[in-house]
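Engineer: structure for this input, please:
(2 chains)
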Amino acid sequence: MLAYYLSFYVNCEDKVILRSVTIHNHMTMKILVCITNVPDTTAKIAFTDNDTKLNKNGIQYIIGPYDDYALARGVEIREQSGGTLTVLHVGGAEADPQIRKALAIGADDAIRVNAEPLDSYFTALQIAHIAKQNNYDLILMGRESIDYNSGVVHGLVGEMLGIPSYSPVMKLDLDGNNATITREIDGGNEILKVSLPLVLGCQEPIAEWKIPNMRGIMTARTKPLNVVESVGSEVLTTPEKYTLPAPKGACKMIPASEAETLIRLLQTEAKVL
Amino acid sequence: MSVLIYIELENGSIKKTSLETIAYGAKVAEKTGGKAIVLAIGSADASELEKAGRYGAAKVLHATDQKLEHENSMAYADILVQAVQQENSKVVILAKSGLGDAMAARAAARLKAAVVSGVTQLPETDGVFTVTRSVFSGKAFAKTQIHSEIKILVVKKNVIEMDENAVATENAEIVPFSPAFREDDFKATVVQVEKANTELSLTEADIIVSGGRGMKGPENWQPLVDLARALGAATGCSKPVSDLDWRPHHEHIGQTGIKVAPNLYIACGISGAIQHLAGVNGSKCIVVINKDPEAPFFKAADYGIVGDIFEILPRLTEAAKKLK
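Structural biologist: Below is the predicted model of the structure:
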């Protein structure tokens, strides 16, 4: 590679050399961060329309907490390496405040696929479709959404694009085109090296959540938010009905002075020992 | 047609959650009138794999190769797809885990199959195939109809009662499975694998003893570890405890940590923030020990003791030892 650049140096004009060296050292990274728009963690969940729809009354919506980690790491990488960071959401216009928040935190532009995210497959299909048009180096999202908790969209997108996917990723470092990833496995973690492009499902402590500052909020207003229509219409699943868990019985209190009886109750009454 | 069940191996043994998955898959096969076929990837003795028969499997496809030594969801998913095609499987079952979700997802994209993760009951198979799954971090359940020809279900722990020898089958037939490999699935180099030095992982454990900020410092953990040992339990902790580095991150249970579903969860000095409850609400029985009678966790508990943890824990340990 060095010899190549030296021969370039001998044969070409200065201007051209400078440009090629710049590209070599600071690969312009194209990053896509996918965000969900979900009820706040503390939201009280209730249903309406004969238990077929979530009752959205009084629910505050947020960027998925895991997606927030993905966004924060994406912004850090974008700040270090240059390039662009696009934020993508599949869903209706009610998510626009959350998308603007992501722009305020540091995304350059946004795409919203204007369709109800019917299920994991449909959502992944939209993300993969956008990704195919734009050749992102890095596609980041949360390990799972906190409404459906499936944790499968990153894997689906990876396979649809024919590139590797990993989750949950707790650490991500980049050296040019090479990524070093720490991911959680059952009972521990694994460090691996793999080259871009990649799809990653993120979780803490990959980065600290970022709060938008005033300048970010001001500039976010004029950043592009492109609304596009969805692709594919095949319905693989349909939600039928929601139910709430049976109410918990009262907690049986045991006086501290008789703590030992707990063990007996766990054995004979609860039958869990 | 058949039901294909992927099982996870740990040091040559079938993981307990995967035994449950076999039992679940065998019931689905019974309902849909097919055979339950198991896929195992990695080293294991035939005597261990034969166990699958006792939980209802007719056959075990066993793939081993040096290349498959490290957990590789992409290569494993490709093998799963080849097994599904060979066995003409219409339902695919995996246990809920990072690996299970990743394999299910990648296989679903290849097979154009619906994937439903977090399943909590046996499916309804009369009429439209319908599954029930946990949603909103355990705060609700959703019934979902599946329309695709191949259906992939990722099943949570503790979903069905497991009874070894419940099925009067012979030992399962072990058939070596030699899949083709895709070069692209082996691009990554594993640099390091760190496994916690415990016999029991949190997701597998039937009993978990967990500590919060009420433990007052990492140096005070011994009484909790002693109780866990006496009960054959794994140890966990709340988010503040792992944030403060009192305990390692892989012990963190909650919304942004590990979600667990043991038979018994004993929380020591954990107030019960909603983020923590989201990680434990799949537990069968919850015990809360806290000096603060107003701790919100008591509302989610089955048994509670208000008092000094450091006085109570050793007494529980003694009582637990006498059980054995």
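
Engineer: B:M162 and chain A: what is the separation?
Structural biologist: From B:M162 across to chain A, the span is 15 Å (Cβ to the nearest Cβ, to the nearest Å). C-betas here are computed from N, CA, C, even on glycine.

Engineer: can you check B:I146 too?
Structural biologist: 5 Å.

Engineer: does that residue really touch B:T132, like I thought?
Structural biologist: No. Look at B:I146 against B:T132 with Cβ atoms under 8 Å: they stay out of range, at 11.7 Å.

Engineer: max-length strand in chain A?
Structural biologist: The longest strand of chain A (DSSP state E) is strand A:165-175.

Engineer: right, and the helix or strand after it?
Structural biologist: Proceeding N to C from strand A:165-175, the next assigned helix or strand is strand A:178-185, under DSSP states H and E.

Engineer: other SSEs contacting the helix or strand just after that following strand?
Structural biologist: Using DSSP H and E, the helix or strand that follows strand A:178-185 towards the C-terminus is strand A:188-195. Applying 3 or more Cβ pairs under 8 Å, 6 or more residues apart in numbering or on different chains; DSSP states H and E, one finds that strand A:188-195 contacts strand A:165-175, strand A:178-185, strand B:189-195.

Engineer: tell me what angle strand A:188-195 forms with strand B:189-195.
Structural biologist: Angle, strand A:188-195 to strand B:189-195, by axes from the mean of the first three to the mean of the last three Cα atoms, to 10 degrees: 170 degrees.

Engineer: ok, residues contacting strand A:188-195?
Structural biologist: A:164, A:166, A:170, A:177-183, B:70-71, B:187-196, B:250 (Cβ atoms under 8 Å, 6 or more residues apart in numbering or on different chains).

Engineer: surely B:K112 is in contact with B:S148?
Structural biologist: Yes. Counting by Cβ under 8 Å, B:K112 touches B:S148, with 6.7 Å between them.

Engineer: intersection of neighbour lists for these two?
Structural biologist: Here B:K112 and B:S148 have A:L236 as joint contacts, going by Cβ under 8 Å, 6+ apart.

Engineer: pretty sure A:E76 is in contact with A:E208, am I right?
Structural biologist: No. Contact criterion Cβ under 8 Å: A:E76 and A:E208 do not qualify, at 9.2 Å.

Engineer: more neighbours: those two, which one.
Structural biologist: Using other Cβ atoms under 10 Å in any protein chain shown as the criterion, A:E76 and A:E208 rank with A:E76 on top: 16 against 12.

Engineer: and whichever residue of the stretch 101-250 of chain A sits closest to chain B, how far from B:A108?
Structural biologist: Using Cβ to the nearest Cβ, the single residue of the stretch 101-250 of chain A nearest to chain B is A:G155, 2.7 Å away. Separation of A:G155 from B:A108 (Cβ to Cβ, to the nearest Å): 8 Å.

Engineer: ranges for the helices of the stretch 151-300 of chain B?
Structural biologist: Here the stretch 151-300 of chain B has its helices, by DSSP state H, counting those that start in this stretch, at B:222-231, B:239-243, B:274-280.

Engineer: hang on, the earlier thing: sec struct for the residue of the stretch 101-250 of chain A closest to chain B, please.
Structural biologist: At A:G155 the chain is in helix, as set by DSSP: H, G, I helix; E, B strand; the rest coil.

Engineer: tell me the contacts of it?
Structural biologist: Residues near A:G155 by Cβ under 8 Å, 6+ apart: A:S165, A:S167, A:V199, B:S73, B:A77, B:D101, B:A102, B:M103, B:A104, B:A105, B:R106, B:A109.

Engineer: what number of residues are in the vicinity of the closest residue to it other than its chain neighbours?
Structural biologist: Nearest non-adjacent residue to A:G155, counting by Cβ to Cβ, 6 or more residues apart in numbering or on different chains: B:A105, 2.7 Å away. Using other Cβ under 10 Å, the number of residues around B:A105 comes to 32.

Engineer: B:A105 reaches A:H154, doesn't it?
Structural biologist: Yes. Between B:A105 and A:H154 there is a contact at 7.2 Å, judged by Cβ under 8 Å.

Engineer: quick one: buried residues of the strand or helix carrying B:T317?
Structural biologist: Taking DSSP H and E as the definition, one finds B:T317 inside helix B:309-323. If you call a residue buried by 16 or more other Cβ atoms under 10 Å in any protein chain shown, then helix B:309-323 has these buried ones: B:I309, B:F310, B:I312, B:L313, B:R315, B:L316, B:T317, B:A319, B:A320.

Engineer: and A:G249, what's its pLDDT?
Structural biologist: A:G249 carries a pLDDT score of 84 in this model.

Engineer: number of nearby residues for it?
Structural biologist: If we define neighbours as other Cβ under 10 Å, then A:G249 has 7 of them.

Engineer: tell me the contacts of B:I258?
Structural biologist: Applying Cβ under 8 Å, 6+ apart, the residues near B:I258 are B:L202, B:T203, B:G236, B:H250, B:H252, B:G279.

Engineer: show me the longest helix that occurs in chain A.
Structural biologist: Under DSSP state H, the helix in chain A containing the largest number of residues is helix A:65-81.

Engineer: what helices or strands is it leaning on?
Structural biologist: Helix A:65-81 packs on strand A:30-34, strand A:84-90, helix A:96-105, strand A:138-142, strand A:165-175, strand A:198-202, going by 3+ Cβ pairs under 8 Å, 6+ apart.

Engineer: kindly export that helix (C-alpha atoms) in CSV.
Structural biologist: What follows is helix A:65-81, C-alpha atoms only, in CSV (Å, rounded to 0.1, in the frame of the first residue of the first chain):
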residue,chain,number,x,y,z
PRO,A,65,-33.5,3.0,25.6
TYR,A,66,-31.3,0.5,23.8
ASP,A,67,-31.6,2.5,20.6
ASP,A,68,-30.4,5.5,22.6
TYR,A,69,-27.2,3.7,23.3
ALA,A,70,-26.8,2.9,19.6
LEU,A,71,-27.4,6.5,18.7
ALA,A,72,-24.9,7.8,21.3
ARG,A,73,-22.1,5.5,20.0
GLY,A,74,-23.1,6.4,16.4
VAL,A,75,-22.7,10.1,17.2
GLU,A,76,-19.3,9.5,18.8
ILE,A,77,-18.0,7.6,15.8
ARG,A,78,-19.4,10.2,13.5
GLU,A,79,-17.6,12.9,15.4
GLN,A,80,-14.3,11.1,15.4
SER,A,81,-14.3,9.8,11.8
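
Engineer: ok, for B:E124, nearest residue in space, not its chain neighbours?
Structural biologist: Nearest non-adjacent residue to B:E124 (Cβ to Cβ, 6+ apart): B:T130, at 4.3 Å.

Engineer: scratch that, B:G100
Structural biologist: In space, B:G100 is closest to B:L94, 3.9 Å off (Cβ to Cβ, 6+ apart).
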